[in-house]
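Student: predicted model and sequence follow; I will ask about them next.
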Amino acid sequence: MTDGKKIQILEDACLACLNRAKQCPGDAVKIIKLPSNLQTDVTHKYGMNAFKLHGLPTPRPGSVLGLLGTNGIGKSTALNVLSGKLKPNLGKPKEPPDWHEILAYYRGSELQKYFTRMLEDDLRVSIKVQLDTDYVRSVAGRTVGVVLKERDERDCWEEIAARLDLTHLVDREIQALSGGELQRFAIASSAVRDADCYMFDEASSFLDIKQRMTATELIRSLVFDGAKQDGGVANKYVMVVEHDLAVLDYMSDTVCCLYGEPGGYGVVTKIASVRNGINNFLAGYIPAENMRFRAEELSFVVSGAETADQIASEGGMGKSTLGTVEYPAMSKTLEKAESRFTLHVEPGSFRGAEMIGLLGENGCGKTTFMEMMAGAFDKKADGSADKSVENHSLAGLGVSYKRQHYAPRLRKFPGTVQELFEKTIQSVIIDRLFRLLVLRPLQMEALEKSYVKNLSGGELQRVAITICLGTPATIYLFDEPSAGLDCEQRIIAAKVIRRWVVSNMQKTAFIIEHDFVMASALSDRVIVYDGEPGIECTAKSPMGLVDGFNVFLKQLDVTFRRDPCNFRPRVNKKNSAKDCEQKKSGNYFVFDADEDPVDEADKEKPAPKKKGSNKKG
């Protein structure tokens, strides 16, 4: 049916419409089959044929509630409803209900009390939104210190600025901040407000592991009246949206998962303990609702036998011809108007079919090390050389480099994703194995007809990873490949990179990654950085995974263990029995998951086999 010039599709359509949709050119029409139990409990619907959200997270005072789900599944919509920015229409966009009807709909639940307090102006909300150009524009031209002082309602801005390492930036204009500095400022500007409910939408983006732990401890402290864990009453609401599973696990007390069809509909599950909630999401099965929403479980262990068999059956898996490559000691000095940074690199070696992770704080020279390896400081075309570097780059071996700041360059391309691939990696996009192991799991086929300039940050990241993997090389360099990806896409990207580079190509990869789950899943060995960030740092020689993680985590004073269900790394609560035990033994990362205890409260019935399960349509 049509409304003027705009085409509308009747949502109560017959099954014959499925065939008509398949015949529609250019995939212009997409029909999503909904489970039969999703015809009710609609919290908000944006319009005809538009996204709708089923259910709503139920925040509880005195605890941190985490929201876990893929991009486009309704997490930000849920926060907008609970923050008062969006009035829920209960699935009636043309005849939206008034607040009396909304309160009657939630009668007897915690949400009725929550919305009642909001309507009576007895609930103040402070929200940290996702960082974008609109956010920067809203505070541009002002300094960090001025904004924090203006927003400070608890007489604590100096303390919070010190905790988030912002003290030396108080006189800097906000538009001049780096991504990590801007993120820490955004967290601080929300935390200094005197609110009853604090919301943080993706608070760990652009932060290194140390900064993520510091921000997590600050956010957890906000549940207490006065934000002091040694006193006060835990009576504040705190909600977080987070894709770093290790951070979400450490930050949250409980979790609500969201599943569905990105851009189509989202379903909010009931509250679960943080361990069960994350494990249920990874398993793709919600025991309390007997709902399987994903056919395959997400695991952090790539089965070598399974991968080898799959690749061999497709005619891949060549033998590594690289052998062992040694690189000498190197150094590089970067000078700006008011600063000078020197990176020293200890001699080391690497071999084919391995991945080496680079572990260190922001500003310690990880990206500089990659640029040295890629030949960014080699002799120019006129024969001149960068005299500030004692460098022996590996560019002669063939390097493919996925940079940290790739977006501006890619967005200048005027065509579609398919045209970009034809220009950059034409030789591999027709390869059957590349399509199977890279294009399909990264969902590139769905983006082929989209214009590059219109892609979201996560979509552009997947395009950049694909181009890097499709470029013939001996050494692959990935600078923060998880940035912009949701939790599910991060796990898939980690497996894609490892399967293509190591299992299939038998090549070498160097990875910079601040998501600890990604770093541990990708790395065979690690290079640990130490020194004073921004002043002078040293990149150590590559070391074994266990030794390297122990050295790095000891610097952070943080311990990790693995979950026995899916081997994901979990942060031990500070000063807990497990934390003290591991620190005493010197094992800051326990790789043996069998010793991880399971609390009685965490035990649930296992997910059923795929056969006979209730699947999403």
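Tutor: On my side now, so go ahead.

Student: can you map out the helices along the stretch 251-400 of the chain?
Tutor: Counting by DSSP state H, counting those that start in this stretch, the stretch 251-400 of the chain has these helices, from start to end: 274-283, 304-313, 366-374.

Student: leaving out sequence neighbours, find the closest residue to the one residue sitting closest to the centre of the chain.
Tutor: Most central in the chain under C-alpha atoms, centre = their mean is residue 243, positioned 3.9 Å from the mean C-alpha point. Closest residue to residue 243 apart from its sequence neighbours, by C-beta to C-beta, 6 or more residues apart in numbering: residue 487 at 4.5 Å. All C-beta spots, glycine's among them, are computed from the backbone N, C-alpha and C.

Student: isn't the one you found right up against residue 245?
Tutor: Yes. With contacts counted by C-beta atoms under 8 Å, residue 487 reaches residue 245, the gap being 5.7 Å.

Student: looking at these two, which one has more neighbours?
Tutor: residue 245 (27 against 22; other C-beta atoms under 10 Å).

Student: from residue 452, how far out is the more buried one?
Tutor: To residue 452, residue 245 is 29 Å away according to C-beta to C-beta, to the nearest Å.

Student: could I get the full set of helices for the stretch 101-250 of the chain?
Tutor: 110-119, 133-139, 144-151, 157-163, 179-191, 209-221, 245-251.

Student: what residue ranges in the protein score low on pLDDT?
Tutor: Applying pLDDT under 70 to the chain picks out residues 1-39, 226-232, 301-322, 378-393, 592-617.

Student: so which residues of the stretch 451-600 of the chain form strands?
Tutor: Using DSSP state E, counting those that start in this stretch, the strands found in the stretch 451-600 of the chain span residues 475-479, 508-512, 525-532, 536-539, 543-544, 560-562, 569-571, 589-590.

Student: an error on my part: the question was meant for the stretch 201-350 of the chain.
Tutor: For the stretch 201-350 of the chain, the strands defined by DSSP E, counting those that start in this stretch cover 237-241, 254-261, 265-268, 272-273, 285-286, 291-292, 324-327, 330-335, 340-345, 348-351.

Student: format the ones you listed as TSV; extra columns: mean neighbour count.
Tutor: Putting the strands of the stretch 201-350 of the chain into TSV (neighbours: other C-beta atoms under 10 Å) gives the following:
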stretch	mean neighbour count
strand 237-241	25
strand 254-261	23
strand 265-268	24
strand 272-273	20
strand 285-286	22
strand 291-292	20
strand 324-327	13
strand 330-335	16
strand 340-345	19
strand 348-351	16
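
Student: closest to residue 409 out of the ones you listed?
Tutor: Across the strands of the stretch 201-350 of the chain, residue 409 has its closest neighbour in strand 330-335 (21.0 Å, C-beta to C-beta).

Student: so residue 71, which state does it fall into?
Tutor: Secondary structure, DSSP: H, G, I helix; E, B strand; the rest coil: residue 71 is coil.

Student: surely it meets residue 456?
Tutor: Yes. Under the criterion of C-beta under 8 Å, residue 71 makes contact with residue 456 at 7.5 Å.

Student: ok, those two, which is more surrounded?
Tutor: Neighbour tally, residue 71 and residue 456, criterion other C-beta under 10 Å: the higher count belongs to residue 71, 19 against 12.

Student: could you find the closest non-adjacent residue to the more buried one?
Tutor: Spatial nearest neighbour of residue 71, chain neighbours left out: residue 486 (4.5 Å); criterion: C-beta to C-beta, 6+ apart.

Student: and for that neighbour, the neighbour number?
Tutor: Residue 486 has 21 neighbours, counted by other C-beta under 10 Å.

Student: for it, list the residues it contacts.
Tutor: 69-71, 243, 458 (C-beta atoms under 8 Å, 6 or more residues apart in numbering).

Student: what of residue 170?
Tutor: So residue 170 contacts 143-145, 148, 161 (C-beta under 8 Å, 6+ apart).

Student: before we move on, what about residue 358?
Tutor: Shown in contact with residue 358 (C-beta under 8 Å, 6+ apart): 366, 369-370, 510-513, 526-527, 529, 539.

Student: any idea how far the closest residue to residue 124 other than its chain neighbours is from residue 341?
Tutor: Closest residue to residue 124 apart from its sequence neighbours, by C-beta to C-beta, 6+ apart: residue 195 at 4.5 Å. Between residue 195 and residue 341 the computed distance is 39 Å (C-beta to C-beta).

Student: repeat for residue 179
Tutor: In terms of C-beta to C-beta, residue 179 sits 18 Å off from residue 341.

Student: for stretch 51-61, output the C-alpha coordinates as CSV.
Tutor: Provided in CSV are the C-alpha atoms of stretch 51-61 (Å, rounded to 0.1, in the frame of the first residue of the first chain):
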residue,chain,number,x,y,z
PHE,A,51,12.2,-1.2,14.7
LYS,A,52,10.3,-2.3,17.8
LEU,A,53,11.5,-3.2,21.3
HIS,A,54,9.9,-6.0,23.3
GLY,A,55,10.3,-5.7,27.1
LEU,A,56,12.4,-3.3,29.1
PRO,A,57,15.4,-3.7,31.5
THR,A,58,14.4,-3.4,35.1
PRO,A,59,17.0,-1.4,37.0
ARG,A,60,17.4,-2.0,40.7
PRO,A,61,18.7,0.5,43.3
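
Student: can you list contacts of it?
Tutor: In this structure, residues lying in contact with stretch 51-61 by C-beta under 8 Å, 6+ apart are 38, 41-46, 65, 67, 72, 74, 77-78, 81-82, 88, 91, 109-111, 114, 197, 223, 234-239, 254, 256, 260, 263-269, 271.

Student: residues of that stretch that come out buried?
Tutor: Across stretch 51-61, burial judged by 16 or more other C-beta atoms under 10 Å covers 51-61.

Student: distance between it and the chain's centre?
Tutor: How far stretch 51-61 lies from its chain's middle: 21 Å, per C-alpha atoms, centre = their mean, to the nearest Å.

Student: what does stretch 496-514 give?
Tutor: Mean-position distance between stretch 496-514 and its chain equals 19 Å (C-alpha atoms, centre = their mean).

Student: and if you look at stretch 199-208?
Tutor: Centroid displacement of stretch 199-208 relative to its chain, using C-alpha atoms, centre = their mean, is 9 Å.

Student: contacts for it, please.
Tutor: In contact with stretch 199-208 (C-beta under 8 Å, 6+ apart) are residues 75-76, 79, 82-83, 125-131, 178-180, 182-184, 186-187, 190, 212, 215-216, 219, 238-244, 247, 360-362, 483, 514.
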